[in-house]
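Enquirer: Sequence first, predicted coordinates after that:
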Amino acid sequence: MNPRIAITSGEPAGIGPDIILSALQDNFAAQLVVVGDPELFRQRARQLGLELEIKVCSDLAQITDHQAGQVQILPTLLGSNVECGKLDVANAPYVLETLRITGQGCLDGDFDAVVTPPVHKGVLCETGVHFSGHTEFFQDLCNSPQVVMMLASQAMRVALVTTHLPLKDIPAAITPDTIRTVTRALHRDLKTRFGCDQPRILVCGLNPHAGEDGHLGREEIETIIPTLNELRKEGINLIGPLPADTLFQNKYLEQADCVLAMYHDQGLPVLKYSGFGNAVNITLGLPIIRTSVDHGTALDLAGTGQASDGSLKVAIENAITMATNAKKDIK
Ligand SMILES: NC(=O)C1=CN([C@@H]2O[C@H](COP(=O)(O)OP(=O)(O)OC[C@H]3O[C@@H](n4cnc5c(N)ncnc54)[C@H](O)[C@@H]3O)[C@@H](O)[C@H]2O)C=CC1
Ligand SMILES: NCC(=O)COP(=O)(O)O
């Protein structure tokens, strides 16, 4: 039986609905179900001039294998009408509810994976909840001690020691404990989920020139190098820390299965430069499978037909592959 994959609708005023409608015109070997408001998808399809069948499923038993051109929807209703490109805090509870339903559904075994189009973190925070990202939301929902954000393009995989933190808080967050737990989770998932028998991880320093022997910062000498040496004794293959400005070249990337960057904007701009629109964001360390797109809500493009569905298709394909492999492992 094909895996059942839930897709959230993302920020309703952004390109989430557009790229879902566009991607679902293709075939996928899975039961795909969108958790969202059917009327939002009908309206957006009309606006985009796309002819798709919107099938509203009142329960899980009605979800069948995906057929190209069909959108199966488990209904959750919006708080307010949507105007493309205009954020409305009245719809923030809807967005959070789609995340809760799909995450909990994965934990309960109703779905084999969740794929998330982009949400707008700022408008979700305006409800009074602190929402820094799906990564942290699903970590809390699943009660997971450590999660790792990893993005993968054709050219490279990049994982992060810290996720959505203000820059000023990063040095304090790079502790031996965080480096240990992130690196172990990354090593384990590269083996179990990505088929790397002996994962090789290329680690960035935190400071310019990886601290220049302590003259440009001491985190490498005091924290990063000793912790990497400890992890090496556990049999984890680590290269570095290397200066982040010169690490991203083929000579090093060819030797590695994944780069481990210390923070969001150290690793992700390089990956996005090399593969924006075709990369996938995967949360490691969760008991559920969660993939996502490599881009944001692109409010400027909602409803215009100019948004690329490339990354969403890669996210759906990755979720299907990971869920299919997980089902095989259970048998
Ligand atoms: N997975 C998620 O939920 C993510 C959400 N975001 C959120 O998105 C919001 C907007 O973030 P920005 O930094 O403006 O990034 P953005 O990715 O929304 O837009 C950056 C630029 O890329 C273009 N772009 C983005 N996606 C595209 C696509 N599929 N096809 C063609 N062009 C595309 C946009 O038009 C814009 O010019 C923020 O609130 C941010 O937190 C950002 C990244 C990931
Ligand atoms: N730049 C990627 C990103 O911020 C995605 O965050 P998340 O919502 O997947 O946690």
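Expert: Received the coordinates, thanks. Ligands and ions are numbered 1, 2, ... in the order given.

Enquirer: Alongside ligand 1, which residues does the stretch 201-331 of the chain contribute?
Expert: Listed as neighbours of ligand 1 in the stretch 201-331 of the chain under the rule Cβ under 6 Å from any ligand atom: 277, 292-293, 295-298, 300-301, 307-308. In this view, the C-beta of every residue, glycine as well, is placed from N, C-alpha and C.

Enquirer: give me that answer again for 8 Å
Expert: Within the stretch 201-331 of the chain, the positions adjacent to ligand 1 are 276-277, 281, 292-301, 306-312 by Cβ under 8 Å from any ligand atom.

Enquirer: need the contact list for the nearest residue to G85 once chain neighbours are set aside.
Expert: Excluding the flanking residues, the one nearest G85 by Cβ to Cβ, 6 or more residues apart in numbering is L299, at 4.6 Å. The contact partners of L299, taken as Cβ atoms under 8 Å, 6 or more residues apart in numbering, are 11, 13-15, 84-87, 120.

Enquirer: before we move on, the earlier item: in helices, which of the residues of the stretch 201-331 of the chain next to ligand 1 fall?
Expert: Residues of these located in helices (DSSP state H): 310-312.

Enquirer: can you tell me which residue is nearest the centre of this protein?
Expert: What sits nearest the mean C-alpha location of the chain, by Cα atoms, centre = their mean, is N281, with 3.3 Å.

Enquirer: Show me what that residue bridges to in the sheet.
Expert: Beta-bridge partners for N281, by DSSP bridges, are L151, S292.

Enquirer: Wait, M156 touches V259, no?
Expert: Yes: the criterion here is Cβ atoms under 8 Å, and M156 meets it with V259 at 6.3 Å.

Enquirer: those strands in this structure, which residues are they?
Expert: Using DSSP state E, the strands found in the chain span residues 4-8, 31-36, 53-56, 70-75, 113-116, 148-152, 157-160, 200-204, 237-242, 258-261, 280-284, 290-293.

Enquirer: Which single residue of this structure ends up nearest ligand 1?
Expert: Residue of the chain nearest ligand 1, by Cβ to the nearest ligand atom: G296 (2.3 Å).

Enquirer: Please tell me I have it right and that residue contacts P118.
Expert: Yes: at 4.8 Å, G296 counts as touching P118 under the criterion of Cβ under 8 Å.

Enquirer: How many residues are close by the nearest residue to P287 once chain neighbours are set aside?
Expert: What sits nearest to P287 in space, not counting adjacent residues and going by Cβ to Cβ, 6+ apart, is C142, at 5.4 Å. Residues lying near C142 (other Cβ atoms under 10 Å) number 19.

Enquirer: Return the per-residue confidence for C142.
Expert: With respect to pLDDT, C142 scores 98.

Enquirer: try K331
Expert: 57.

Enquirer: G275 too?
Expert: 88.

Enquirer: residues touching it, list them.
Expert: Counted by Cβ under 8 Å, 6+ apart, G275 has contacts 153-155, 294.

Enquirer: out of the residues you listed, which are buried?
Expert: The neighbour count (16 or more other Cβ atoms under 10 Å) marks 153, 155, 294 as buried among the contacts of G275.
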